[in-house]
Each structure stands twice: as C-alpha cells, then as structure tokens.
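> Make a model of this:
(one chain, ligands or ions: 2)
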Amino acid sequence: MIDLHIHTTCSDGAFTVQQVIDRSKELALKAISITDHDTLDGYRDLPADPGLEIVPGIELSTFYGGKLVHLLGYFFGVHVSRVPCAVCQSDKEHRTQDTGHWKGLTDYLIKVRKRNQDVLKHICDHLREEEGIPVTYEELLKKGAVRPTLALLALRLLSRGYAKDWREVGAVWGRIHRELEGKYPPPAIEAGIKVLKEARALIVVAHPGSLPMNGKGLAEDGVVELKEMGVHGLEVYHKRHKPEDSVFYKSLAKKHQLAVSGGSDAHCRGKEPEIGCVSVEDGVLDLLRQRFAQIYG
Ligand SMILES: [Zn+2]
Ligand SMILES: [Zn+2]
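Ligands and ions are numbered 1, 2, ... in the order given. Have a look, this model is predicted:
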C-alpha cells in the first residue's frame, strides 16, 4: 500500500516529517508523498535513508473560476527511479530545495507565502480596528505556530469566545473577504499549472469530489477543462471520497486518459493518525511513474 497525500507540521499537519515516516513504516507502506500546502520545507530535513520511498510532492492552493482548487504536483523533475534530473542531467538524487533545480517553484512559493502573510496581517488589523477583537499578527507568530495561518486565527477567535462556532468564524470571513477582494489577488490555477510544469511535475487535481465547484464536486466538463489547461491526473482515492466518487472519477480518468492518484490527505490532528487510511495499491504509483516518463521523457 502507498499514501501519496500527507501533511506535516511544515504546513497544517500535526506530525513532523519524522513522525510521518515512522508511522508509515509501522504500517509497512511502500511509498508515501509529503504534500504540504504551498511549501517544500518538509524536504529540507528529510533523512538520508528514510527507509521507504518518498515521492516528492506538494499541494498548491489555486483559484479557478473564483473557487479554491488544490493541485498536487509529484516528482517535480526529481528522478524517483533515478531518471536523470532534467536540469543538471545528473543521476544523483536531489532531495533538498537549495540545489536551484526547483527555482521557479521556490520563487513562486516565496511569493505565495508573502501574499498569505499580507492577507493575514490585513485581517488581524481589520479585526482589531473595525471589530474590536484584539488579535495581532505578531501574537499569532509567537503562539508556537510553525506559520501563522487563517486556521490558527480561526482557532484563536473560537478559543477566546469572539466567535461561537465555525459558522460565526465563516461570517467573519465573509465580511473580511469582501474587503480583501481585489487587493490581494489569489494565485490563479494557470499560474500553479505553469510553475508545476516548469518544475516538471505530474499535476493532479486533489480530491475532485470535495471541491467547492457546485456543491457536488468537480463535474465532467470541469475535468475536461482542467485537462485542456494542462492537468495530468485526478486524485481518485481520498478519505473524503465516497466509494461512488472514486468510481466516478476513475471512470472519468479512463475516459479522458488522465492519470489516477490517491492518498489519505492525513493531517494527523485527531486521536488516530489517518496516514494510510485510504487503500491505494502500489500499482497506482507505477502507473503514475510511467505517465510521468511519457510526459517528460
Ligand atoms: Zn487539499
Ligand atoms: Zn491535502
């Protein structure tokens, strides 16, 4: 079994990279991918011999027709099966992000991080100045967070009683969102696809069954449009997909010659870490690798 969608403390997961590796080995997973949101930080401190295959991965938050779409990028030009690196033509493994080979992607990620920080600062200022809620960006930075996120801010609103429940948090977002519109344009899906292509990644639409497209997940016309834009595959197996969702997206993948991927999307915040909770056969990775070789040769 494999799990190609796992988050760590480098984005919004609760497990460190090492904890993810340890748990995956306990479960005897053959391969995993660490797919943190908009960061490759998890690859910085990867042990030299993790003891199982780690497929390079990332999950980008992009916008498509005003809706949030998560794109998974795999392999990004890295020679999982010792395919020569596209950039330096060497066959040695590149695991760190400071080799310069992923420069376009890392530059993009730096911009996205700056934009997200600006948005969060703006939201904190708004809450303080307009709504009398005393939260500051600096305080969020201090509170032990690896990175101040909207989710962390939401938790603070809840824990301090400034919002009763997630519905009220949603209402606060609704008010702020209008103010932010236009000021900080979110990353467009085209930009995400472009940068992943430049990094020679296999591009997969994450959890298409739970995208907020029309309340029903991504429909066939959306799948076709995304394919035309340059997407290579669909995440067919995912913890939020019902069995019929997986059947549906598997059939669409077949019909439109798209690659099939799958993973738990584990964040490990609950009692049981969800790593490996979605059954994904080893053969899925073999096919992804074949598709990667066909596309990037
Ligand atoms: Zn996602
Ligand atoms: Zn995810």
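> pLDDT score for Lys194?
Listed pLDDT for Lys194 reads 95.
> contacting residues around it?
Residues near Lys194 by CB atoms under 8 Å, 6 or more residues apart in numbering: Gly230. For the C-beta atoms, the positions are set from N, CA and C on the backbone; glycine is no exception.
> One more pass at 10 Å, please.
Contacts for Lys194 were tallied using CB atoms under 10 Å, 6 or more residues apart in numbering; they are 104, 108, 188, 229-230.
> Put together CSV for the residues you listed, with distance to ligand 2, neighbour count and pLDDT on each row.
Formatted as CSV, these follow (distance: CB to the ion, whole Å; neighbours: other CB atoms under 10 Å; pLDDT from 0 to 100):
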residue, distance to ligand 2, neighbour count, pLDDT
Gly104, 22, 15, 81
Tyr108, 18, 21, 90
Ala188, 20, 13, 94
Met229, 20, 14, 98
Gly230, 20, 14, 98
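> so of the residues you listed, which ones are in helices?
Taking DSSP state H as the definition of helices, those contribute 104, 108, 229.
> The closest residue to the second one other than its chain neighbours: which element?
By the measure of CB to CB, 6 or more residues apart in numbering, the closest residue to Tyr108 outside its immediate chain neighbours is Val195, 4.4 Å from it. Here Val195 sits within helix 189-198, counting by DSSP states H and E.
> got it, and His177?
Counting by DSSP H and E, His177 is found in helix 166-180.
> separation between the closest residue to ligand 2 within the stretch 151-297 of the chain and ligand 1?
Residue of the stretch 151-297 of the chain nearest ligand 2, by CB to the ion: Asp265 (4.3 Å). Separation of Asp265 from ligand 1 (CB to the ion, to the nearest Å): 6 Å.
> Equivalent analysis for Ile58, please.
Applying CB to the ion to Ile58 and ligand 1 gives a distance of 11 Å.
> I'd like to check which residues are in contact with the residue nearest to the spatial centre of the chain.
Of all residues in the chain, the one closest to the mean position by CA atoms, centre = their mean is Glu59, 2.1 Å from it. Glu59 is in contact with 5-7, 11, 33-39, 70-73, 204, 206-207, 235, 265, counting by CB under 10 Å, 6+ apart.
> Now do the strands in the chain.
Per DSSP state E, the chain carries strands over the ranges 2-6, 31-34, 53-64, 67-74, 202-205, 233-238, 259-263.
> What's the mean pLDDT across the third one?
So that's strand 53-64. Mean per-residue pLDDT for strand 53-64: 92.
> buried ones in that strand?
By 16 or more other CB atoms under 10 Å, the buried positions in strand 53-64 come out as 53-64.
> For burial, what's the neighbour tally of the residue in the chain positioned nearest to ligand 1?
Nearest to ligand 1 in the chain, going by CB to the ion, is His70, at a distance of 3.5 Å. Per other CB atoms under 10 Å, the neighbour tally for His70 reads 21.
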